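> After the sequence you'll find the predicted model.
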Amino acid sequence: MSARRAASLILSDPLTWAACLITAAAVGAFFWWFQPDLVMAASALGVAAIVLLAWPILLARSSGFAARLYGSDAAERFGSEEDLAALEADLKEFGAEQGVAQLRMLREKYDNLAEILREKLNAGELTYSRYVAMAEQVFLSGLDSLKEAAMSLKSISKIDPDYAHARLGELKKISVEPAHKDELDALTRRLSLYDEQKTRVAGLLAQNEAAMTVLDRTATAIAQAKTGEGRASLDAKTAIAELEALAKRAGKYAVQGR
């Protein structure tokens, strides 16, 4: 997601178009003034190509670009406040109090890690952008898990397990006629659906707990990291590796949960 957004910001940046126009004008002026032979012409075009290829890297390393990429578009990246409020309302409606708490804590832990990264690293560094992008992916995966959990709970919100269990108990006390057998099978399938979705929700919430632990571990390790070689630096590298591995797996969670 961050890579696509970064490319979009680079292409839409007025400075990018200015760099292209200036480079094109310089090449045109060179050709007009010097009337170069084939070798010189190829060299000039090669230099122009190098300049244009280097420009996105230079722009991406600027602190202003990093701020645009990560600091001012939370609604676009994470959903609007109305979207998050609607998700919270759904979780509350279906009794997922753990999910409600996770929704709040996921955002807090992501913001905390992003702030620590800004303090420890230069916002214009590619390392900063990479780490923030990994934390963002973990956070967004957590939101997706909560949305999936809310949808699963909604799908079984009209199932009354107490009624189904009570009715099954009644049927088992009487002689099972064909009609009763059909009802018994239907009730059994209904309870099976209920249990399956409850188990799925528990798995999604457990994944979020693990993700939040990784965010906390990374924030702590980065905060304690030293500039020189030391235990804290090693801990930070280990935590970042764990965060990266989780970010790579994050996109697979929803598929595994289905």
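Yep, it's here.
> Skip the chain neighbours and tell me the closest residue to the residue nearest in space to the middle of the chain.
Centroid-nearest residue in the chain, with C-alpha atoms, centre = their mean: Q137, separated by 2.3 Å. Nearest residue to Q137, sequence neighbours excluded (C-beta to C-beta, 6 or more residues apart in numbering): A247, at 4.2 Å. Placement of C-beta: from N, CA and C, glycine included.
> do S157 as well
In space, and not counting its chain neighbours, S157 is closest to F94: 5.7 Å by C-beta to C-beta, 6+ apart.
> same thing with V201?
V201 sits nearest to A149 (C-beta to C-beta, 6+ apart), 4.6 Å away.
> wait, that neighbour sits on E97?
No - in this structure, A149 is not within contact of E97 by C-beta atoms under 8 Å, at 11.8 Å.
> how about the strands in the protein?
For the chain, no strands are identified by DSSP state E.
> What residue spans form the domains of it?
The record assigns the chain these domain ranges, following automatic domain parsing: 1-60, 80-257.
> could you redo those as a markdown table and give each row mean pLDDT?
Output for the domains of the chain, formatted as a markdown table (pLDDT from 0 to 100):
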| stretch | mean pLDDT |
| --- | --- |
| domain 1-60 | 83 |
| domain 80-257 | 84 |
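> Just say which of those is most tucked in.
Across those, the average number of neighbours (mean count of other C-beta atoms under 10 Å) peaks for domain 80-257, which reaches a mean of 16.
> for that domain, the distance to its chain's centre please.
Mean C-alpha position of domain 80-257 versus that of the full chain (C-alpha atoms, centre = their mean, to the nearest Å) differs by 12 Å.
> about what we covered before: check contacts around the residue nearest to V201.
L91, A96, G99, R200, V201, L204, L205 (C-beta atoms under 8 Å, 6 or more residues apart in numbering).
> From F139, how far off is it?
16 Å (C-beta to C-beta, to the nearest Å).
> State the distance from the residue nearest to V201 to R200.
For A149 relative to R200 (C-beta to C-beta), the value is 8 Å.
> What of E183?
E183 is 26 Å from R200, by C-beta to C-beta.
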